[in-house]
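Asks: Sequence first, predicted coordinates after that:
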Amino acid sequence: MDIGEKIRKIREAKGLSQKEVAATVGMDQSQYSKIEKGKTDPTTATLQKITAAIGVSLAEIFASDEAFKDVGSYDRSLMEKLQLLEQLEEDERQSVFKIIDGLVSKKRLKESLSNALNL
């Protein structure tokens, strides 16, 4: 099941309309509809707004009860950390995202430089 389908099922289970969620998120209903239909992928920021609007955590969108049964201990640990991340205040969560983005950028830069030197 893709993210859009999960969002739709949760929204419907909570008795919310697309119009209500789109208004809460601050986006056009047609754009929100495209996300639910899987025609476009939301940014992380938009996905955070949608999950807040429908009253679930970001981790809940990516995980299911079955997901935890089939993952290895490393993946389970990662999912647990994602759930803990959801409990942080917004500014703390954004700080963690900036750290991760910085580390990923550093790794990519090293790989690019290494590839350039090996040419």
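Replies: Thanks, I have the structure now.

Asks: Scan this protein for its longest helix.
Replies: Criterion DSSP state H: the longest helix present in the chain is helix 90-117.

Asks: what about that one, distance to the chain center?
Replies: Offset of helix 90-117 from its chain centre (C-alpha atoms, centre = their mean, to the nearest Å): 18 Å.

Asks: same question, stretch 17-29
Replies: On the basis of C-alpha atoms, centre = their mean, stretch 17-29 sits 18 Å off its chain's mean C-alpha point.

Asks: pLDDT below threshold where in the chain?
Replies: By pLDDT under 70, the low-scoring segments of the chain are 1, 64-76, 79.

Asks: mind listing the strands in this structure by residue range?
Replies: Applying DSSP state E to the chain gives no strands.

Asks: Could I get the full set of helices for it?
Replies: 3-13, 18-25, 29-36, 44-54, 58-62, 65-70, 73-85, 90-117.

Asks: Now the fifth one: buried residues?
Replies: For helix 58-62, a neighbour-count test (16 or more other C-beta atoms under 10 Å) marks 58-61 as buried. (Glycine included, C-beta is placed from N, CA and C.)

Asks: Output the residues you listed as a markdown table; include the columns distance to L88.
Replies: Output for the buried residues of helix 58-62, formatted as a markdown table (distance: C-beta to C-beta, whole Å):
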| residue | distance to L88 |
| --- | --- |
| L58 | 11 |
| A59 | 12 |
| E60 | 16 |
| I61 | 17 |
